[in-house]
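Engineer: A predicted structure for the sequence below; I have some questions about it.
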Amino acid sequence: MRLDVVTIFPEFFAALDVSLLGKARTSGLLDVHVHDLRDATHDRHRTVDDTPYGGGAGMVMKPEPWGETLDALLADDDDPLVVFPTPAGTPFDQAAAKRLAGERRLVFCCGRYEGIDQRVVDDTASRARVAEISLGDFVLNGGEVAVLAIVEAVGRLLPGVIGNPESLTEESHEDGLLEYPSYTKPAVWREREVPAVLRSGDHGAVARWRHEQALERTRRVRPDLLPPE
Ligand code: SAM
């Protein structure tokens, strides 16, 4: 999969050199290109923001550097999905991660300040597929952290990125439930014992216990995930 990321803080994406995604880059499973939006400015101060029309606090990202950068990135006729992270977008979840993992190329546009001039999104949508995606109902300072989270959630779904693909199926949100609690050795730690059923060797009993625990946790923490009774 090819990823292009446009940002005024390319250094954020050094995190993609680390751990499993770093290995995926080295092995060629992930082809990441980070672009500095300021490279498409033409004034001495490399300006990317200006005051908002209509007034109000904060600055808005100017359309020209975005237009020039996206023109270059969308010149190839390979039908990428262009992602604008924004708290005003549709919520990101595991189903969205799976959809994005099916794409050949993703182009991420990291907003800063009060966001990007809306005409950039509209102009891009007139010639490419666009998704406005929110990481959750909170406001970050910029799109970089949101993009890192999305790339990690998507990247780990790509075939070959996770060593044992089975570990992807037994996870929270895979079967609509939160995951059951996990334990490792030692069997007793600070007088807390690992549940006996997990040490019983009875695979059926373990599976039933895990399902009950997953249901109980989901009911307690995220009842909204369960179908109405
Ligand atoms: N004024 C915007 C609003 O109220 O919707 C928030 C702008 S925010 C300070 C700056 C940038 O951070 C946004 O353009 C977006 O790229 C990113 N961002 C902030 N919160 C986000 C979220 N929950 N999900 C995805 N991106 C987010």
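Structural biologist: Yep, that arrived.
Engineer: Once you drop chain neighbours, what's closest to residue 38?
Structural biologist: Closest residue in space to residue 38, ignoring its immediate chain neighbours: residue 46 at 4.2 Å, by CB to CB, 6 or more residues apart in numbering. From N, CA and C alone the C-beta is placed, and that goes for glycine too.
Engineer: And the pLDDT at the one you found?
Structural biologist: The model reports residue 46 with a pLDDT of 98.
Engineer: ok, residue 198 - contacts?
Structural biologist: Counting by CB atoms under 8 Å, 6 or more residues apart in numbering, residue 198 touches 183, 206, 209.
Engineer: do you know how far it is from the ligand?
Structural biologist: 37 Å (CB to the nearest ligand atom, to the nearest Å).
Engineer: can you pull the contacts of residue 168?
Structural biologist: Taking CB under 8 Å, 6+ apart as the contact definition, residue 168 lies against 156, 157, 162, 174.
Engineer: What separation is there between it and residue 129?
Structural biologist: Separation of residue 168 from residue 129 (CB to CB, to the nearest Å): 26 Å.
Engineer: okay but residue 210 is in contact with residue 180, surely?
Structural biologist: Yes: between residue 210 and residue 180 there is a contact under CB atoms under 8 Å: 4.1 Å.
Engineer: quick one, what contacts the residue of the chain found nearest the ligand?
Structural biologist: When distances are taken as CB to the nearest ligand atom, the chain reaches nearest to the ligand at residue 111, 2.3 Å away. The neighbourhood of residue 111, defined by CB under 8 Å, 6+ apart, consists of 61, 84, 85, 86, 142, 143.
Engineer: on that earlier part again, quick one: buried ones out of the contacts of residue 168?
Structural biologist: 156, 157 (16 or more other CB atoms under 10 Å).
Engineer: export the contacts of residue 168 to CSV and tack on distance to the ligand, pLDDT and secondary structure?
Structural biologist: Listed next are those as CSV, based on distance: CB to the nearest ligand atom, whole Å; pLDDT from 0 to 100; DSSP: H, G, I helix; E, B strand; the rest coil:
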residue, distance to the ligand, pLDDT, secondary structure
156, 19, 96, coil
157, 19, 97, coil
162, 25, 92, coil
174, 23, 84, coil
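Engineer: what is the mean pLDDT for the longest helix along the chain?
Structural biologist: Ranked by residue count under DSSP state H, the longest helix found in the chain is helix 203-221. On average, the pLDDT along helix 203-221 is 98.
Engineer: Please look at residue 107 and residue 80 and confirm they touch.
Structural biologist: Yes: judged on CB under 8 Å, residue 107 makes contact with residue 80 at a distance of 5.0 Å.
Engineer: which of these two has more neighbours?
Structural biologist: Neighbours were counted for residue 107 and for residue 80 using other CB atoms under 10 Å; residue 107 has more, 25 against 19.
Engineer: The more buried one pairs with what?
Structural biologist: Counting by DSSP bridges, residue 107 forms beta bridges with residue 4, residue 82.
Engineer: what do you get for residue 33?
Structural biologist: Per DSSP bridges, the residues bridged to residue 33 are residue 4.
Engineer: Would you confirm that it contacts residue 7?
Structural biologist: No: counting by CB under 8 Å, residue 33 sits too far from residue 7 to count as a contact (11.4 Å).
Engineer: more crowded one of these two?
Structural biologist: residue 7 (22 against 12).
Engineer: show me what contacts that one?
Structural biologist: The neighbours of residue 7, taking CB under 8 Å, 6+ apart as the test, are 13, 34, 35, 36, 37, 110, 142, 143, 144, 147.
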